[in-house]
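K.L.:
Let's see this in three dimensions:
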Amino acid sequence: MIALLNPNPSPRQAGSSHSACAGFTKATADICLTKNKPFRLYPDWVGALRPWREISGFTLIELMAATTVLSVILLMMVGMQDQMSKAWSNSNRRTDATREARAACRLMANDLSCLIYRGLDDANVDSIAPILFNQGLPFYFSSNGLGSNNSPSPFAIAGVQPGASLLFAISRVKPQGTNSEDFAIVGYYVASKPTTNVSGFVTTNYNLYRHYVPASNAVGQLNSWFAAANRTPTILFQPDPTKDDILARNTCNLRITFYNRVDGNYSPGRPNKVQNGLNYQCPSGGSTTYYCGSKIQAEISVYPEELAQKIPYTSWINSTNIQKFARSYEFRVDVPRN
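P.N.:
Model (predicted):
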């Protein structure tokens, strides 16, 4: 039951001539529908002030308030989506950096565990032709990017990273399928390379490079090495960042350490440990101070992509930045003895 707003209903409202409206009183009424228009629940003066359609709509202030709230919610959702997109992108970049670094470690471990080298006097026996006497096969090592006795490096590598290790050697290539075992010239170093990002800006970052020369070309370089009177490292090893492969991007450090004999057992032409420069052996042995053997330990440090874009190029090799932001990957392998 609904109370009438008009205490004095018109005859049409309270008329008893229509059977559907019979029984109306001044105090109570039911909703009564006539043939053409519904029963009015409001007095006549309400309809005169506001039409029925305006009573059921929203005001301009209500629409503005609703639009403002909706805009705020949409902005918050867009911001959350942007943050989620950045987090997803950064996660993918870190995953890619980790995958590259681990793949580089596996490839380096494979190469360094199959080094080929021979001492200068290994061929001084009666059963070997005299032409092979003193024909050593070397590998080149630098712990800090410099040559022997901290002299300048013999390799003019464009953009080489200061203080990073270098290693170039001859390595056996493990057989694949029915192919026989072969050899190749390999090398590892860190150098810079300008790159253009998606926004068109040119940035310069350090990358880990792998120098690789297959046997078909390595034989010619070995012949040049044997024929030379003054054998320099550049005859056998010729790194070039424009041709060599990038193994790991955003590399801020490469550290290679030889664990070998340092007990003072020395023979002419054969130092008792691996030194910066050309080496013809990796002598095994022991020491009373720490463990020694014929082992190589390598460590690669890389920056995640989002941090590499923020750290200035001049501060990449800063030790504080490396310890704080870089991720390091290392491995240790046994190498052939003597």
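
K.L.:
Toward the C-terminus, what is the element adjacent to the lengthiest strand in the chain?
P.N.:
Determined from DSSP state E, the single longest strand within the chain is strand 182-196. Following strand 182-196 in sequence order, the next helix or strand is strand 202-213 (DSSP states H and E).

K.L.:
Summarise which helices and strands that next one is packed against.
P.N.:
On a contact count with 3 or more Cβ pairs under 8 Å, 6 or more residues apart in numbering; DSSP states H and E, strand 202-213 meets helix 60-112, strand 182-196, strand 245-249, strand 251-259. Every C-beta, even on glycine, is put in place using the N, C-alpha and C of the backbone.

K.L.:
And the contacts of the last one?
P.N.:
In other words, strand 251-259. Contacts with strand 251-259, where a contact means Cβ atoms under 8 Å, 6 or more residues apart in numbering, come from 141, 143, 161, 164-165, 167, 188-190, 206-208, 273-274, 282, 291-303, 316-317, 321-322, 326, 328, 332.

K.L.:
Pretty sure Ser113 sits against Ala298.
P.N.:
No: here Ser113 does not reach Ala298: they are 11.1 Å apart, not a contact under Cβ atoms under 8 Å.

K.L.:
More neighbours: these two, which one.
P.N.:
A count of neighbours by other Cβ atoms under 10 Å puts Ala298 above the other of Ser113 and Ala298, at 21 against 17.

K.L.:
Quick check: which element contains that one?
P.N.:
strand 295-302.

K.L.:
ok, that strand: who's next to it in the sheet?
P.N.:
Using DSSP bridges, the strands paired with strand 295-302 are strand 251-259 (antiparallel), strand 327-334 (antiparallel).

K.L.:
Out of those, flag the one nearest Thr67.
P.N.:
Nearest of the strands paired with strand 295-302 to Thr67, taken as Cβ to Cβ: strand 327-334 at 47.7 Å.

K.L.:
On the pLDDT front, check Ala229 for me.
P.N.:
pLDDT for Ala229: 84.

K.L.:
just checking, next helix/strand downstream of the strand holding Ala298?
P.N.:
The helix or strand immediately downstream of strand 295-302 is helix 305-308, counting by DSSP H and E.

K.L.:
domain ranges for the protein?
P.N.:
Using automatic domain parsing, the domains assigned to the chain come out as 11-55, 81-334.

K.L.:
Output the below-cut-off pLDDT ranges for the protein.
P.N.:
The chain contains residues with pLDDT under 70 at 1-57, 87, 89-91, 121-134, 174-181, 197-200, 261-271, 285-293, 337-338.

K.L.:
and Phe58, what element?
P.N.:
Phe58 belongs to no helix or strand, assigned by DSSP H and E.

K.L.:
now it: how far from Ile73?
P.N.:
For Phe58, the distance to Ile73 equals 18 Å [Cβ to Cβ, to the nearest Å].

K.L.:
Leu146 - how many residues pack around it?
P.N.:
By the measure other Cβ under 10 Å, the count of residues near Leu146 is 17.

K.L.:
any idea which element it lies in?
P.N.:
Per DSSP H and E: Leu146 is located in neither a helix nor a strand.

K.L.:
Name the surrounding residues that touch stretch 195-214.
P.N.:
Contacts for stretch 195-214 (Cβ under 8 Å, 6+ apart): 104, 107-108, 159, 161, 168, 182, 184-194, 221, 237-241, 244-252, 254, 300, 308-309, 313, 316-317.

K.L.:
Just the buried subset of these, please.
P.N.:
With burial judged by 16 or more other Cβ atoms under 10 Å, the buried subset of the contacts of stretch 195-214 is 104, 107-108, 161, 168, 184-193, 237-239, 241, 244, 247-252, 254, 300, 308, 316-317.

K.L.:
so who does Pro102 touch?
P.N.:
Heads up, residue 102 is Arg, not Pro. Neighbour list for Arg102: Tyr329 [criterion: Cβ under 8 Å, 6+ apart].
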